[in-house]
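Trainee: for reference, the sequence and a predicted model appear below.
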Protein chains: 2
Amino acid sequence: MDQKLNELKTILAEVADLQHAAAVLSWDQQTYMPRAGAEARGYQLATLGRIAHQKFTDRKVGQLLDDLRDAFPPDSDEYALIRVTQREYEKRIRVPPEFVAEQAQVTAAAHEAWVAARSQSDFSLFEPHLARILDLVQRYIGFFPPSDHPYDILLDDYEPGMKTAEVQAIFSELSKRQVRLVQAISQAKQVDDSFLHFKYSIPKQRAFGEKVLMAIGFDPNRNRQDQSPHPFCTSFSINDVRITTRYQGNFLNTALFGSMHEMGHALYEGGFHPSFERTPLASGASLAIHESQSRLWENLVGRSMAFWEFFYPKLQKKFPAQLGEVSLGKFYKAINKVQPSPIRVEADEVTYNLHIMLRLEIEIAMVEGAVALRNLPELWNEKMKEYLGVVPPNDAQGVLQDIHWSFSGLGYFSTYALGNLIAAQLWEKIHSEITDLSAQIRRGKFDALRGWLYANIHVYGRKYEPKELVRRVTGSSIDPAPYLRYLETKYRDIYEL
Amino acid sequence: MDQKLNELKTILAEVADLQHAAAVLSWDQQTYMPRAGAEARGYQLATLGRIAHQKFTDRKVGQLLDDLRDAFPPDSDEYALIRVTQREYEKRIRVPPEFVAEQAQVTAAAHEAWVAARSQSDFSLFEPHLARILDLVQRYIGFFPPSDHPYDILLDDYEPGMKTAEVQAIFSELSKRQVRLVQAISQAKQVDDSFLHFKYSIPKQRAFGEKVLMAIGFDPNRNRQDQSPHPFCTSFSINDVRITTRYQGNFLNTALFGSMHEMGHALYEGGFHPSFERTPLASGASLAIHESQSRLWENLVGRSMAFWEFFYPKLQKKFPAQLGEVSLGKFYKAINKVQPSPIRVEADEVTYNLHIMLRLEIEIAMVEGAVALRNLPELWNEKMKEYLGVVPPNDAQGVLQDIHWSFSGLGYFSTYALGNLIAAQLWEKIHSEITDLSAQIRRGKFDALRGWLYANIHVYGRKYEPKELVRRVTGSSIDPAPYLRYLETKYRDIYEL
């Protein structure tokens, strides 16, 4: 068995090398590549992707997986490796190469159409492409055995083992209370955050941001931060994990909280067990678990009073003209300002999940064929009005705002909201185990928190399915209660409800 | 035939994509990669190299080449593509994969040993590794049919079609006159270049260097410049060509002339015919031709009076404290100061080739078994004394100074000197066709020069063998006379000989 395992690992290592090489090429494309390099880069990425796919879906891999299926004890890393590889392998071989090629073509055209449609705020330019994508999605679902709901197939790609009905149940509990909270806040005294929109020198923002990143765990020997129009985290090895950020000269939050968000992802990617290097276990358990790590650092740490008790005097010193006269309390309220807006990526903690819920409902309706695509803008705006009390002024700021559908990413959105919920569950658990955590954060100390996340989440990589991981760590299933407790407590205080 | 050509091109395009992907990974490794990423990067590069090798040496490629050999007219691009591919293919399949693997191991260890030996200036630490490398080199030569001289096999890898005897003949004509020139200069009044070693702010050096690069043809849409400890040029596409430079805070020449040198390579890499993209024709004709391009811009343009008549006032404005009182004439002499030194990479135009000649003689002696490796340091120092009149103070600055032998790069060095000669041949030809070139350069205009190089050299990529290319362009074989004319005229003037 050991020889077969080694054979399998050799193939998987080669596939991992190709995927990491592709990740380097993508990173470069988004950070440093001269514009005219794009066409060649497209070919290079396609070639790497094709070879990785061929190697991974080789019949030999299937044979080795069959031979190794029950060869190792269920809690071993080897068992997990084989389970995870089997899962991926079966997904990949069910989808014919011609379909993958067609999908690449359709989404490339759809992406261009989406960019044009959004810039002209004209949904009709995108609609025929979305129709083609929806057709692909239906055919994709058809490659798999029937599930309770066809949408389960899509969800499972991003959130292994998660069912549509489970997400709906969780969201229905959330939505009532989050909508109620939004309404209560809308009638309360509004928060002033005008000083966050003053002019903030970008080199100074960068210097301050780097100090924060170093404090929470950025290691220059293993991490880098670069700039890109759309911030992201990527890794080429457990020991080479990179983030990007973007700076706005007249808004402090973008880079600061964006960097902390990406650093949360980076700590996860850099924390997988070293023995997982070059295997499929060196990966987050799911998108929701990944997002729990980024949200935990961005919001539960980065938007907490304890954090700013330590960092605010330093920030004031950096920006005396902008913040010298602004009290800590005022600053804390400002960075937590609730403001229903049409745009998801600008949403605060209270409204964020509502953006996700409406997307989930619309995606399910699309998959069920319950909505004509030409009516999507109207449906979108109705739901915005219902959940958030705002109506987008145009489709660019409405149904066209997100890139996801253009790359056929139906099934993706709910992981963002689930990540928020899991972050809050972990947060309660961490506080019960590190009882002086707030005091540590007030002193700018994050070692114990990082150590806890490493030992309980990061080190396992993709060894456990997300639901199992959450249960092992918190003793519970994915549960909206901690998030609601957190939200309601925090915002009652901020808005004096 | 067209279908077979397309089949061949599809394979070659895939190989080119893999090689370019590897080039991106190497570029990143030398510019931005966090240190701890090195181990994983080594695996990734090995995987890309292995797959590219497998694909290129596939029996299918050999069959297609056989079928296509005489299918196209001799002056066509298709014919050249098949000839160049055939040449590479035959070289590759002659060398067994086990040899390649052994070579990778031996050179990896040798590189480490060389770094240690150089840092401790102890040749005995490197000697056993060099012995292993020499053994590999001998075995490598044995894979090929006998040539006039065994060293021909090595030379041919870098300089297709070039023979050892030809290089020796050229060098013997050069060496007498270059040695005589060095001696004459050593007895002349010495040039003061102390002001080049003042403190020069690196951001200002960068700003000035970028201005120069833009003037000679740097295109931000297709080029980038980054920093790395050892400057280089690399390309991932005809439309994505990058250079690196390094700055010294107390020496102006390093970055300035280094950037112009790399930009000369970059203009070549970016000038191949667009139809050559993703084929083996998108490459320099040889290392010597490549070096002719870098040396032409670095020395024939960058160290000329005409160039500085335009740029010196701008440089003075940037560095008034350092250069405000230094006349153009004094500056021109300083950047052309001749100073025999033990170190090749710091050598001026007059002494540079002499460094190369002694290396060629020593390499030939090694390959012929005419020198015991333990005597190399002594032999090196004797030849330094003979050619340059200086003796290195230690082996780190003598026989251990260059990296080439540690990567088994015997056969490489002479291309540097040949590049100098070809540059001077081209320079005479260009002046005969662009009769007001000096006047153009004095006005900071380089379009005609760049256009000439593009139309006569760059666009052909690897279509012609280097000797044929030189003959097509200059009507002559590789000839030391123009270089000697250039050197003697220029330095007689500078040193008032």
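Mentor: Cool, the structure landed.
Trainee: just the strands in the stretch 301-450 of chain A please.
Mentor: For the stretch 301-450 of chain A, applying DSSP state E, counting those that start in this stretch gives no strands.
Trainee: from residue A:234, how far out is residue A:27?
Mentor: Distance of residue A:27 to residue A:234, computed by Cβ to Cβ, to the nearest Å: 5 Å. Bear in mind the C-beta positions are built from the backbone N, C-alpha and C, glycine included.
Trainee: the two: which is more packed in?
Mentor: Counted by other Cβ atoms under 10 Å in any protein chain shown, residue A:27 and residue A:234 do not tie: residue A:27 has more neighbours, with 23 against 20.
Trainee: list the contacts of that one.
Mentor: A:226, A:234, A:236, A:242 (Cβ atoms under 8 Å, 6 or more residues apart in numbering or on different chains).
Trainee: give me the buried subset of those.
Mentor: A:234, A:236, A:242 (16 or more other Cβ atoms under 10 Å in any protein chain shown).
Trainee: tell me who's in contact with the first one.
Mentor: Taking Cβ under 8 Å, 6+ apart as the contact definition, residue A:234 lies against A:23, A:26-27, A:241-243.
Trainee: pipe the buried ones among the contacts of residue A:27 into CSV and attach pLDDT and secondary structure per row.
Mentor: Shown next, in CSV, are the buried ones among the contacts of residue A:27 (pLDDT from 0 to 100; DSSP: H, G, I helix; E, B strand; the rest coil):
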residue, pLDDT, secondary structure
A:234, 98, strand
A:236, 98, strand
A:242, 98, strand
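Trainee: closest one of the residues you listed to chain B?
Mentor: residue A:236 (6.2 Å; Cβ to the nearest Cβ).
Trainee: ok, now which ones touch the closest one?
Mentor: A:20, A:23-24, A:27, A:242, B:37, B:40-41, B:44.
Trainee: can you give me the helices in the stretch 351-497 of chain A?
Mentor: Counting by DSSP state H, counting those that start in this stretch, the stretch 351-497 of chain A has these helices, from start to end: A:376-388, A:414-433, A:437-442, A:447-456, A:466-474, A:481-495.
Trainee: now do the longest one and helix A:481-495, the angle between them.
Mentor: Using axes from the mean of the first three to the mean of the last three Cα atoms, to 10 degrees, the inter-axis angle of helix A:414-433 relative to helix A:481-495 is 80 degrees.
Trainee: and the angle from helix A:414-433 to helix A:447-456?
Mentor: 120 degrees.
Trainee: now the fifth one
Mentor: With the same axes, to 10 degrees defining the directions, helix A:466-474 sits at 130 degrees from helix A:447-456.
Trainee: same check on the last one?
Mentor: Orientation of helix A:481-495 against helix A:447-456 (the same axes, to 10 degrees) gives an angle of 160 degrees.
Trainee: any idea of the mean pLDDT for helix A:481-495?
Mentor: Taken as a whole, helix A:481-495 has a mean pLDDT of 97.
Trainee: can I get the CA coordinates of it in CSV?
Mentor: In CSV, the C-alpha atoms belonging to helix A:481-495 read as follows (Å, rounded to 0.1, in the frame of the first residue of the first chain):
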residue,chain,number,x,y,z
ALA,A,481,-27.2,32.2,17.0
PRO,A,482,-23.6,33.3,18.0
TYR,A,483,-23.5,35.7,15.0
LEU,A,484,-26.9,37.2,15.9
ARG,A,485,-25.8,37.5,19.6
TYR,A,486,-22.6,39.2,18.5
LEU,A,487,-24.4,41.6,16.1
GLU,A,488,-27.2,42.5,18.3
THR,A,489,-25.0,43.1,21.3
LYS,A,490,-22.5,45.2,19.4
TYR,A,491,-24.9,47.3,17.5
ARG,A,492,-27.4,47.9,20.3
ASP,A,493,-24.4,49.5,22.1
ILE,A,494,-23.2,51.5,19.1
TYR,A,495,-26.7,52.7,18.1
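Trainee: buried residues, the longest helix seen in chain A. List them.
Mentor: Longest helix in chain A by number of residues, with DSSP state H as the criterion: helix A:2-31. For helix A:2-31, a neighbour-count test (16+ other Cβ under 10 Å) marks A:5, A:7-9, A:11-12, A:14-31 as buried.
Trainee: and it, how far out from the chain middle?
Mentor: Put simply, helix A:2-31 sits 22 Å off its chain's centre (Cα atoms, centre = their mean, to the nearest Å).
Trainee: same thing with stretch A:60-70?
Mentor: The mean C-alpha position of stretch A:60-70 is separated from the chain mean by 32 Å, Cα atoms, centre = their mean.
Trainee: list of residues touching it?
Mentor: A:1, A:4-5, A:7-8, A:11, A:78, A:82, A:85-86, A:89, A:93.
Trainee: which residue ranges form the helices in the stretch 151-300 of chain A?
Mentor: Secondary structure of the stretch 151-300 of chain A (DSSP H, counting those that start in this stretch): helices at A:151-158, A:164-186, A:202-216, A:253-269, A:287-295.
Trainee: closest to chain B out of those helices?
Mentor: helix A:253-269 (11.3 Å).
Trainee: circling back to that earlier point, next SSE after the longest helix of chain A?
Mentor: Counting by DSSP states H and E, the next helix or strand C-terminal to helix A:2-31 is helix A:38-56.
Trainee: now find how far off-centre the helix or strand following that next one is within its chain.
Mentor: Sequence order places helix A:59-68 as the next helix or strand after helix A:38-56, per DSSP H and E. Centroid displacement of helix A:59-68 relative to its chain, using Cα atoms, centre = their mean, is 32 Å.
Trainee: then stretch A:370-381?
Mentor: Its chain's C-alpha centre and that of stretch A:370-381 lie 26 Å apart, by Cα atoms, centre = their mean.
Trainee: and the residue nearest the centre of chain A?
Mentor: Closest to where the C-alpha atoms of chain A average out (Cα atoms, centre = their mean) is residue A:291, at 4.3 Å.
Trainee: what does chain A put close to chain B?
Mentor: A:13-14, A:17-18, A:20-22, A:24-25, A:28, A:32-37, A:39-41, A:43-44, A:46-48, A:51, A:219-224, A:226, A:236-240, A:242, A:277-278 (Cβ under 8 Å from any Cβ of the partner chain).
Trainee: got the CA positions of stretch A:250-257 in CSV?
Mentor: The C-alpha coordinates for stretch A:250-257 follow below in CSV (Å, rounded to 0.1, in the frame of the first residue of the first chain):
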residue,chain,number,x,y,z
ASN,A,250,-9.7,59.4,0.6
PHE,A,251,-11.0,56.4,2.6
LEU,A,252,-9.1,54.7,5.3
ASN,A,253,-11.2,51.5,5.6
THR,A,254,-10.5,50.0,2.1
ALA,A,255,-6.9,49.1,2.6
LEU,A,256,-6.8,48.7,6.3
PHE,A,257,-9.7,46.2,6.8
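Trainee: as a whole number, average confidence for that stretch?
Mentor: Across stretch A:250-257, pLDDT averages out at 96.
Trainee: repeat that for stretch A:197-209.
Mentor: 98.
Trainee: list the buried residues of it.
Mentor: Residues of stretch A:197-209 classed as buried by neighbour count (16+ other Cβ under 10 Å): A:200, A:205-206, A:208-209.
Trainee: would you quantify the distance from the residue in the stretch 51-200 of chain A positioned nearest to chain B to residue B:190?
Mentor: Per Cβ to the nearest Cβ, the residue of the stretch 51-200 of chain A with the smallest distance to chain B is residue A:51, at 6.4 Å. Here the criterion is Cβ to Cβ. By it, residue A:51 lies 60 Å from residue B:190.
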